[in-house]
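*Asks:* Curious how this folds, go ahead:
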Amino acid sequence: PSTRLFRSRNWYVAVDPSTSWNVLSGTAQFLTNETQIDITLPVPIQDTTRTFLMMAASGDTGARQAGRHQVTGYILNSTTLRFNRGVATDTPTVSYYVVENTGGDIFVQRGEILVGAASLSNTASLTTPVNTSRSFVILNSRIDADSSTAINQGFATGELTSPSTVLCERAASGNAMTCRYEVVESKISGLTIQTGETTITATSAQATLASSVDTSRTLLYFSYDSANNGLSQTAIGGQLTGSTQVNFYRYLGTYNNRIRWYAIQFPTGANVQRGNIDGSLNATDLIVNAPLAASVNLSRAFAFTSATSDGTGTRFPRPKWINYFTRSSNLRMERFLSGQEYWLYWQAVDLPPPNLIPNVTTLNYPINGSTVADSGIDFNFTVVDDSNYLKECWLYTNATGAFEKTKNVDRKSTRLNSSHTDISRMPSSA
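*Replies:* Just a heads-up that it's a prediction; the model follows:
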């Protein structure tokens, strides 16, 4: 091809604008003859593989049995959530948050694990292996037995045992159990995940984080099993109590619970508020409110709560609370059967707003203001991404007097250590 002068211009490469979030939230109630309900979302999910579900369920005195109030839920498709229970009696209520990452910087795989009546655990294989150090497991579980003497058989933990294996495990068998899991893998700059397993055999237990976190932007999420049946035995509270410390609580006694926890530190711009509510003198409470010191953006906010309970009987589901925001400055927790003292531990997560201004870098070659004689140009640039992942790079030039995008270089499959040099060739007429 002929050689011609590539006129003088300036260049830069734009790298990875920060991710953005959308949250849809609500409550739903089973009718007394229903074991399954489908909830139509007011706004469709853009990508279900970039979206996860957080949920909680509770019921009144008619829902004492496990199969009546233990509920599992999952994202069925882009417009529908599905919730299931085992016994069509009474009217339990579910609260939920649908959390979507619209920047495509998380990857969610979901499925169901069935544990046989005589078994304590089972596994599922992931279609795509994940980086376990950058992933966490959300789990909800149930048994379908119409019994209040086997509630503990429906409590389980969720964890990754390998990059492609998720484990659902409980402490007591006797009835078949259903686990619904979501494995959330993050490629978000500034989001870190630590995990561990802790056993509580008294009224409290502690876990120590390997690395210090910023508590103002870190969520503690956990699931747990229960070796014993009963109100206190199946009710565990948890809270991040320092930059390297997690505490777990049970109202009574020397029972045994195994806890799988995740400390999820979100990027700068997130705000996690937390607190506890002392209900040790308020057995009749059905509704409690947690005023927030800083208002949240309800389109980017979700909550996670846990609770302890007094009592060793079977007046379930007294320890079970749902949660929802009544306004931007208030988180409400609600149960439908009173009569037991408690402690509530709440966390309200306000996810960071999008930053649409990307990081930029100039080219190594050609240098700004240079004139190049060639029929095509090798564009050489070095970019650094602090999350060790590079999603995409955009090449800009001011050939028309204003900077405009000229070529998109897709690097979605490229993992970086600290820097990466990319060569792209385009004709001089570009």
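*Asks:* Quick check: buried residues in the helix or strand where N140 lies?
*Replies:* Taking DSSP states H and E as the criterion, N140 maps to strand 135-143. For strand 135-143, the neighbour count (16 or more other CB atoms under 10 Å) marks S135, F136, V137, I138, L139, N140, S141, R142, I143 as buried. The C-beta positions use only the backbone N, C-alpha and C, and glycine is treated the same way.
*Asks:* Please apply the same query to stretch 249-261.
*Replies:* By neighbour count on 16+ other CB under 10 Å, the buried set for stretch 249-261 is Y249, R250, Y251, L252, Y255, N257, R258, I259, R260, W261.
*Asks:* Same check on stretch 319-334?
*Replies:* For stretch 319-334, burial by neighbour count (16+ other CB under 10 Å) applies to P319, K320, W321, I322, N323, Y324, F325, L331, R332, M333, E334.
*Asks:* Could you identify the most distant pair in these?
*Replies:* Checked with CB to CB, the buried residues of stretch 319-334 reach their widest spread between P319 and F325, with 21.9 Å between them.
*Asks:* And what about the residue nearest to T51 when sequence neighbours are not counted, helix, strand or coil?
*Replies:* Spatial nearest neighbour of T51, excluding adjacent residues (CB to CB, 6 or more residues apart in numbering): E100 at 4.2 Å. Assigned state for E100: strand (three-state reduction, DSSP: H, G, I helix; E, B strand; the rest coil).
*Asks:* Tell me who's in contact with the closest residue to G190 other than its chain neighbours.
*Replies:* Closest residue to G190 apart from its sequence neighbours, by CB to CB, 6+ apart: P267 at 3.2 Å. Each residue near P267 by CB atoms under 8 Å, 6 or more residues apart in numbering is listed here: S18, I188, S189, G190, L191, R217, P352.
*Asks:* so how many other residues sit close to the closest residue to the last one other than its chain neighbours?
*Replies:* Looking back up the chat, that one is P352. Excluding its sequence neighbours, the residue lying closest to P352 (CB to CB, 6+ apart) is G269, at 3.0 Å. Per other CB atoms under 10 Å, the neighbour tally for G269 reads 14.
*Asks:* try R50
*Replies:* Counted with other CB under 10 Å, residues neighbouring R50 total 20.
*Asks:* what does the one 5 residues further on give?
*Replies:* Other residues near M55 number 20, with proximity taken as other CB under 10 Å.
*Asks:* can you confirm it is in a strand?
*Replies:* Yes. Under three-state DSSP, M55 sits within a strand.
*Asks:* before we move on, back to that, how much space separates the residue nearest to G190 from I322?
*Replies:* In this view, P267 and I322 are 28 Å apart by CB to CB, to the nearest Å.
*Asks:* Same question for A227.
*Replies:* A227 is 26 Å from I322, where distance means CB to CB.
*Asks:* about what we covered before: run me through the strand neighbours of the strand holding N140, direction for each.
*Replies:* Here strand 135-143 has these sheet partners by DSSP bridges: strand 177-186 (antiparallel).
*Asks:* contacting residues around E112?
*Replies:* Taking CB under 8 Å, 6+ apart, one finds Y74, A124, T178, C179, R180, Y181 in contact with E112.
*Asks:* where does it fall, phi/psi-wise?
*Replies:* phi -120, psi 140 (degrees, to the nearest 10).
*Asks:* By mean pLDDT, point me to the weakest helix or strand of this protein.
*Replies:* strand 420-427 (a mean of 38; mean pLDDT, DSSP states H and E).
*Asks:* Kindly state the beta-bridge partners for W343.
*Replies:* With DSSP bridges as the rule, W343 is bridged to D278, T308.
*Asks:* give me the number of residues near E197?
*Replies:* So E197, with other CB under 10 Å, has 13 neighbours.
*Asks:* what does T32 give?
*Replies:* Using other CB under 10 Å, T32 is surrounded by 12 other residues.
*Asks:* same deal with S370?
*Replies:* Residues lying near S370 (other CB under 10 Å) number 13.
*Asks:* and it, which of the three is it?
*Replies:* Using three-state DSSP, the structure places S370 in coil.
*Asks:* Give me the distance between stretch 121-128 and the centre of its chain.
*Replies:* 18 Å (CA atoms, centre = their mean, to the nearest Å).
*Asks:* ok, and for it, which residues are buried?
*Replies:* Within stretch 121-128, the residues that count as buried by 16+ other CB under 10 Å are S121, N122, A124, L126.
*Asks:* what's the most distant pair in those residues?
*Replies:* Most distant of the buried residues of stretch 121-128, by CB to CB, are S121 and L126, 16.6 Å apart.
*Asks:* so which pair among the contacts of E112 is furthest apart in space?
*Replies:* Pairwise distances across the contacts of E112 (CB to CB) peak at 13.0 Å, for the pair Y74 and A124.
*Asks:* In the stretch 151-300 of the chain, where is pLDDT below threshold?
*Replies:* Applying pLDDT under 70 to the stretch 151-300 of the chain flags no residue at all.
*Asks:* just the stretch 1-150 of the chain next, same as before
*Replies:* Scanning the stretch 1-150 of the chain with the threshold set as pLDDT under 70 gives 1-19.
*Asks:* which residues of it fall in strands?
*Replies:* Using DSSP state E, counting those that start in this stretch, the strands of the stretch 1-150 of the chain run over residues 5-6, 11-15, 21-29, 36-40, 51-58, 72-77, 80-84, 93-101, 106-115, 121-125, 135-143.
*Asks:* For G237, which of these is the nearest?
*Replies:* Relative to G237, the nearest member of the strands of the stretch 1-150 of the chain by CB to CB is strand 51-58, separated by 13.5 Å.
*Asks:* Sheet-wise, list the partners of the closest one with their directions.
*Replies:* Using DSSP bridges, strand 51-58 pairs in its sheet with strand 93-101 (antiparallel).
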